[in-house]
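In: Sequence and predicted model, in that order:
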Amino acid sequence: SLEARYFPTSPEAVIDERILWSYLVQIATAVRAIHAAGRACRMLDLSSVLLIDRSTNRIKLNGCGLKDVLNFSSVGKKSLAELQYEDLLAVGNIILQLACKSHTGSRGAQEQLAYVSQHYSAELKDILTYLLTKGATIQGLASSLATRTMEALEESVDDREMLEDQLSKELDVSRLDPTN
């Protein structure tokens, strides 16, 4: 999980902003798909975001919808819009915690946003401010992330091409090997 990776006993240096953008785009994409299906994650925190591949910073969400199963009797007490807003708030908190290398509550949100403005771009601070503000929507977040999503897509294509090139070289070597 991201919690296990970034919150060991001795914290490391500031997380590279490109990595934070990568995580934000991937989480936002997953949340967008969940919201498009008329659902809410309801269980989104550092421990529920699994780091699948450290070299490419690929992540997956774990436990989405689990609260609906475990607390079936409490389903319906909040509107879907409220639950989806809570998802966006959780996304903002995840990225804010990673950027500040501290769990929510150890510092106030304003102090954490001040830290982000000192160590990261104004664009990242603005997105986090948006996510932590009442009225944030997945459509608004997706629009704000359009350029970063395109960059993530380009990086993904580059990674795929590199893997295909490596596989092609391996296949060529195996064809030339007389023992095969």
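Out: Thanks, I have the structure now.

In: in the protein, which helix or strand is least confident?
Out: helix 66-70 (a mean of 60; mean pLDDT, DSSP states H and E).

In: Give me the buried stretch members for the following helix or strand past that helix, please.
Out: Downstream of helix 66-70, the first helix or strand assigned by DSSP states H and E is helix 80-100. Neighbour counts over helix 80-100 (16 or more other Cβ atoms under 10 Å) mark 83-85, 87-100 as buried. C-beta here means a position set from N, CA and C on the backbone, and glycine is covered the same way.

In: packing partners for helix 80-100?
Out: When contacts are defined as 3 or more Cβ pairs under 8 Å, 6 or more residues apart in numbering; DSSP states H and E, helix 80-100 sits against helix 2-6, helix 17-36, helix 109-119, helix 122-131, helix 138-144.

In: can you give me the mean pLDDT across it?
Out: The pLDDT scores in helix 80-100 average 88.

In: Please verify my assumption that His119 contacts Ala99.
Out: Yes. If you go by Cβ atoms under 8 Å, His119 and Ala99 touch, sitting 7.2 Å apart.

In: Common neighbours of these two, please.
Out: Listed as contacting both His119 and Ala99 by Cβ atoms under 8 Å, 6 or more residues apart in numbering are Val14.

In: follow-up on the earlier one: same list (the helices and strands packed on helix 80-100) but as TSV, adding mean pLDDT and distance to Val173.
Out: Output for these, formatted as TSV (pLDDT from 0 to 100; distance: least, Cβ to Cβ, whole Å):
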stretch	mean pLDDT	distance to Val173
helix 2-6	78	35
helix 17-36	90	32
helix 109-119	83	45
helix 122-131	89	44
helix 138-144	85	43
